[in-house]
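Novice: with the input below, show me the fold.
(one chain, ligands or ions: 1)
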Amino acid sequence: MFSKVLIANRGEIAVRIIKSCQKLGIEAIAIYSDADAEAPHVKLAGRAFHVGPSRVSQSYLNMDRILAVAKEACAEAIHPGYGLLSENPEFARRCQVEGIIFIGPKPEVIAKMGGKVRAREIMKAAGVPIVAGFEKHINDVAQAKGFAIELGYPVMIKASAGGGGIGMQIVHKDDEMEKALKACQGRAKAYFDDDSVYMEKYLESPRHIEVQLLADNYGNTIHLFERECSIQRRHQKVVEEAPSAFVDEKLREKIGNVAVQGAKAIGYSNAGTVEFLMDKDKNFYFLEMNTRLQVEHPITEMITGYDLVEEQILVAAGKKLDEEKDKPKLQGHAIECRIYAEDPKTLLPSPGKVNSLTLPEGDFVRNDFGICSGYIVSPYYDPMLGKIITWGNDRQEAINRMVKALEDFQAEGIKVNIPILQKVISHPKFIAGETHTNLIEQILTEE
Ligand code: ADP
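Specialist: Residues are numbered from 1 along each chain as shown. So this is what the prediction gives:
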């Protein structure tokens, strides 16, 4: 087992990982930028090292500096969290070269799932159903129009290197193609330094269903059921729940096994998530695989009793899983709401000082946050402050507890998205489980 683990991340996820390290008796080593000198993750860690200025490119993405700190602190392993360096195969490879364990899959596996076109190709070959589309990058407008005719409008042009809902364009007809293609390539280049794009059929109002996986270094892989993440804005998740109200036991086993099959085909190890879109007839199609811990992992923890970060550390240290004995049991229902520092009217980020913070309390309420009273929300980072998670014996009980928790949450000094979350959680369609990826837009235009 490790005695020291460096956490190459910040915010709520760094806090989350430190807690599991402490539970395992591991010293957690934090890193921080100028803007984060006073951040909760720095205070909570056993030791913390400054890695650079506020901009992530100079601090949290500075591989040379982070690896130097890991060596100086004698960390045996690095937990990358999510975002930042978590899906960077070069970083995983450099850890390997330095003799530091990267808590995640092997670099070549990360690389395989990093490009969406290649991931589609691999999953298709492994017998996993994929969203109708092409395993080819688009070269020009004429080719794109040809592809669209083959698929039938509407279609979606997507950045192969995309993430965080960035770099997707819906195209309804031929006339829109040129502009959409240029826009998508431009965004892909600007955000991911890679302008390759490809095309998928645009599914109308599907559900986003994903399967949590856990695999050891010996090929043993289990699934920890599904999460539904259909409540999204600009293709980014806002509310997640586990299990999905739309998935029955038979479908749960089927989609879980397909995800395991995909993971085994690529020699997957550690925690990972296979994302699918599901249509109204319960057909599901592979969307992408995230080779890291997800933001929404706590809802899976709440319904299984597993500590996923602990499991990640243990399997990275060599723990073997038993595919039968380690199968989790599903208990109750959990919901997560992501709390963003944003103006609920304009949807623009709302950085600034949190004058006072009140988190909801209760037996079945969990708060995963990386802020505290007096904390300054910096414009340099993602505006997600943290997550509120509630559990119930059934879905309605989890919803009721979330309604109360959202009422109790208070952050003075900054604007947060609580009013939007409240609208969603108490909307008849959400309560009835009639969720899909365009539901928030519909709810907000109802007024
Ligand atoms: P990212 O990697 O940026 O998160 P994903 O490929 O995972 O992008 O898709 C994010 C979301 O975008 C999905 O959950 C869904 O709401 C929407 N989306 C993506 N592809 C399609 C598609 N082909 N049809 C309809 N919606 C899609």
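
Novice: from here on, just use CA atoms for contacts and neighbour counts.
Specialist: OK.

Novice: of all of the stretch 301-447 of the chain, which residue lies closest to the ligand?
Specialist: Closest to the ligand within the stretch 301-447 of the chain is Thr437: 4.9 Å, counting by Cα to the nearest ligand atom.

Novice: what's the closest non-adjacent residue to that residue?
Specialist: What sits nearest to Thr437 in space, not counting adjacent residues and going by Cα to Cα, 6 or more residues apart in numbering, is Ser230, at 4.5 Å.

Novice: the one you found in helix, strand or coil?
Specialist: strand (DSSP: H, G, I helix; E, B strand; the rest coil).

Novice: so Ala92 sits in a helix?
Specialist: Yes. Using three-state DSSP, the secondary structure at Ala92 is a helix.

Novice: wait, it touches Val109, no?
Specialist: No. The pair Ala92 / Val109 is not scored as a contact, 10.2 Å apart, by Cα atoms under 8 Å.

Novice: give me the more crowded residue out of the two.
Specialist: Ala92 (25 against 18; other Cα atoms under 10 Å).

Novice: excluding its backbone neighbours, what's nearest that one?
Specialist: In this structure, Ala92 finds its nearest non-sequential neighbour in Pro107, 5.3 Å apart by Cα to Cα, 6+ apart.

Novice: wait, Ile431 touches Ala398, no?
Specialist: No. Between Ile431 and Ala398 there is no contact, the gap being 10.7 Å when judged by Cα under 8 Å.

Novice: between those two, which one's more packed in?
Specialist: More crowded of Ile431 and Ala398, by other Cα under 10 Å: Ala398, with 22 against 14.

Novice: wait, is Ile440 part of a helix?
Specialist: Yes. The assignment for Ile440 (three-state DSSP) places it in a helix.

Novice: residues contacting it?
Specialist: By Cα atoms under 8 Å, 6 or more residues apart in numbering, Ile440 lies in contact with Ile231, Gln232, Arg233, Val424.

Novice: which strand residues sit across from the first one in the sheet?
Specialist: For Ile231, the beta-bridge partners under DSSP bridges are Val239.

Novice: the ligand contacts on the stretch 101-250 of the chain?
Specialist: Met156, Gly162, Gly163, Gly164, Gly165, Ile166, Glu200, Lys201, Tyr202, Leu203, His208, His235 (Cα under 6 Å from any ligand atom).

Novice: coming back round to it: with the contacts of Ile440 in mind, which one is nearest to Ser59?
Specialist: If you rank these by distance to Ser59 using Cα to Cα, Arg233 comes first, at 28.7 Å.

Novice: distance check, the residue positioned nearest the centre of the chain against Lys320.
Specialist: Taking Cα atoms, centre = their mean, the centroid of the chain lies closest to Gln294, which sits 3.5 Å from it. Computed as Cα to Cα, to the nearest Å, the Gln294 to Lys320 distance reads 22 Å.

Novice: of the contacts of Ile440, which pair is most distant in space?
Specialist: The span of those, defined through Cα to Cα, is set by Arg233 and Val424 at 11.7 Å.

Novice: comparing those two, which shows the higher neighbour count?
Specialist: Taking neighbours as other Cα under 10 Å, Arg233 and Val424 compare with Val424 leading, 20 against 15.

Novice: tell me which element that one is part of?
Specialist: Assigned by DSSP states H and E, Val424 belongs to helix 418-425.

Novice: now do the buried residues in that helix.
Specialist: Of the residues in helix 418-425, Ile418, Leu421, Gln422, Val424, Ile425 count as buried by neighbour count, 16 or more other Cα atoms under 10 Å.
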